[in-house]
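>>> Return a 3D structure for these sequence lines:
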Amino acid sequence: MSAISKASISARVASIPRELRIFAFASLCMGMAFSMFDSTFNNFLNDRFTLSGFQRSFLEFPRELPGFLVVFVSAALWFLCSRRLGGFALLLGAVGALLIGFLSPSYWVMVIWLFIYSLGQHLFMPISPTIGMQLAEEGHTAQRLGQLNAIRNFAAILGSFTVFLGFRYLGFTFQHTFVLTALGLTVAAVLMFTMRTADRQPAGLYIQLHREYRLYYILASLHGSRKQLFITFAPWVLVTIFQQPTQILATLMTLGGIIGIIFQPILGWTIDRVGERKVLMIEAVILVFVCFGYGFARFLFPPNTAFFVTCACFLLDQMLLSVGMARSTYMKKIALQPDHVQPALTVSVTIDHIFSISAALIGGVIWSKFGFQYVFLMGTLIAAGNFLAAMKIRIPAKTQI
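Numbering: from 1, shown residues only. Sure, this is the predicted structure:
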């Protein structure tokens, strides 16, 4: 690389505002950390504990309960601004990862540490888009969120590749992975603490529902229900219906991450240009076809074709999860006051988890009693509801792009 090129890159990096540079690097560190943990946790469970079916299913409770509690914990920590709360959340995750790796003599002790790790992870969920929107230029909010999401996608690929190299060639143990996870989260937390402080929100804002935001809450509940189809049932179709090994899912997740590096900034740019209403309506229409493909490809096509159709649906579904940034920017635009944004996003995490847990339970019953295809028929109804809700989106003229 020539000296001129190096100078040009240095000048471009220097032109990025300090807070954005710090948060982008923090996003890279935390993305790698979370990816390394997720890449090894299931293998750790399998090797360390002999789990019964009940114990494995019960693990979803301590993993998802923090998502429900996040609004109350955020209210209790109201004296921390978003950036300090984000740093605290990442430190919680780091502590949880270390405790899981080094102080888990039994399954039930590990469950306690998993709760701590998951609480940190869920506390950070509404913080990330809040800070991303704070660091965006007017009219380019979704584009900024897309850029930051692309960084996290790239980081997730780096994290999983690090795990692959470590276990294959460097003699990694699970403790190595958990130490690296904790290190990445700690570095990200320190970076968050070096950012300039933002305004704090009173505790009451976190637990207060505003009538003016009811459509946003409805969108959050529909997203929670729809998300669970991807997290729980889509992989289960590939594993149980198509009898695919674990590496197929890993390959699809990696491929989806690579696509996301390109797709997320484009999606953000599109949201800024055409608006949240159109993007969310398009998402709902595509999701109808995705759910139909999951549920009925096996009955409509030869086995090989059906498998590739289902894989395509999986990748599309993974990309559609990124449309969540449109809900965040919609909330920012309709907020009665700027300090309503972070509490509303936090409330949406709680609402999301109430409906996602419910959808998992209902979907499991439907799968057992009627067949997997009817779970995804339920998904098409959720997508239709999402389309109708998106049609009602109206952006106040004073804030419309």
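>>> Give me the helices and strands touching the helix or strand encompassing residue 19, please.
Using DSSP states H and E, residue 19 falls within helix 18-48. The helices and strands touching helix 18-48, judged by 3 or more CB pairs under 8 Å, 6 or more residues apart in numbering; DSSP states H and E, are helix 82-102, helix 107-124, helix 127-134, helix 141-169, helix 174-194. For every residue, glycine as well, the C-beta is placed using N, CA and C.
>>> To residue 60, which of these lies closest?
Proximity to residue 60 (CB to CB) singles out helix 107-124 among these, at 10.2 Å.
>>> Tell me what angle the closest one forms with helix 127-134.
10 degrees (axes from the mean of the first three to the mean of the last three CA atoms, to 10 degrees).
>>> So for helix 107-124, what gets flagged as buried?
Judged by neighbour count using 16 or more other CB atoms under 10 Å, the buried positions of helix 107-124 are 107, 110-111, 113-124.
>>> model confidence over that helix, on average?
Mean per-residue pLDDT for helix 107-124: 91.
>>> Repeat that for stretch 349-367.
The average pLDDT for stretch 349-367 rounds to 84.
>>> neighbouring contacts of that stretch?
The contact list for stretch 349-367, computed with CB atoms under 8 Å, 6 or more residues apart in numbering, reads 60, 64, 67-71, 122, 125-126, 217, 220-229, 231-233, 374-375, 378, 382.
>>> same thing but 7 Å
With CB atoms under 7 Å, 6 or more residues apart in numbering as the test, stretch 349-367 has contacts from 64, 67-68, 70-71, 122, 125-126, 217, 220-221, 223-225, 227-228, 232-233, 374-375, 378.
>>> before we move on, the earlier item: show me what counts as buried in the helix holding residue 19.
Buried residues in helix 18-48 (16+ other CB under 10 Å): 19-20, 22-24, 26-37, 39-41, 44-45, 48.
>>> Point out where this protein drops to low pLDDT.
1-14, 51-58, 198-206, 246-247, 397-401 (pLDDT under 70).
>>> So which residue is dead centre in the chain?
residue 125 (7.2 Å; CA atoms, centre = their mean).
>>> Tell me who's in contact with that residue.
residue 349.
>>> Once you drop chain neighbours, what's closest to residue 166?
Leaving aside its chain neighbours, residue 166 sits nearest to residue 172 (3.5 Å; criterion: CB to CB, 6 or more residues apart in numbering).
>>> Just want the angle from the helix holding residue 19 to helix 127-134.
Using the same axes, to 10 degrees: helix 18-48 against helix 127-134 is 160 degrees.
>>> For residue 191, see how far away residue 25 is.
6 Å (CB to CB, to the nearest Å).
>>> in which helix or strand would I find residue 220?
Going by DSSP H and E, residue 220 is part of helix 214-228.
>>> just checking, next helix/strand downstream of that helix?
helix 234-236.
>>> Next, the buried residues of that following helix.
So helix 234-236, judged by 16+ other CB under 10 Å, has buried residues 234, 235.
>>> Next, the angle from the helix or strand that that helix is followed by to helix 141-169.
Once the chain leaves helix 234-236, the next helix or strand it forms, by DSSP H and E, is helix 246-274. Between helix 246-274 and helix 141-169, the angle comes out at 160 degrees (the same axes, to 10 degrees).
>>> Show me what helix 246-274 is packed against.
helix 141-169, helix 303-320, helix 324-334 (3 or more CB pairs under 7 Å, 6 or more residues apart in numbering; DSSP states H and E).
>>> and it, which residues are buried?
248, 252-253, 256-257, 260-261, 263-265, 267-268, 270-272.
>>> Which residue is the nearest non-sequential neighbour of residue 344?
residue 331 (5.3 Å).
>>> can you check residue 330 too?
residue 276 (4.3 Å).
>>> I figured the one you found hits residue 328, correct?
No. Assessed by CB atoms under 7 Å, residue 276 is found out of contact with residue 328, at 9.3 Å.
>>> how about residue 78, phi and psi?
Main-chain torsions, residue 78, degrees, to the nearest 10: phi -60, psi -30.
>>> Number of residues surrounding it?
Neighbour count of residue 78, defined by other CB atoms under 10 Å: 16.
>>> On the three-state scheme, the residue nearest to residue 166 is what?
coil (DSSP: H, G, I helix; E, B strand; the rest coil).
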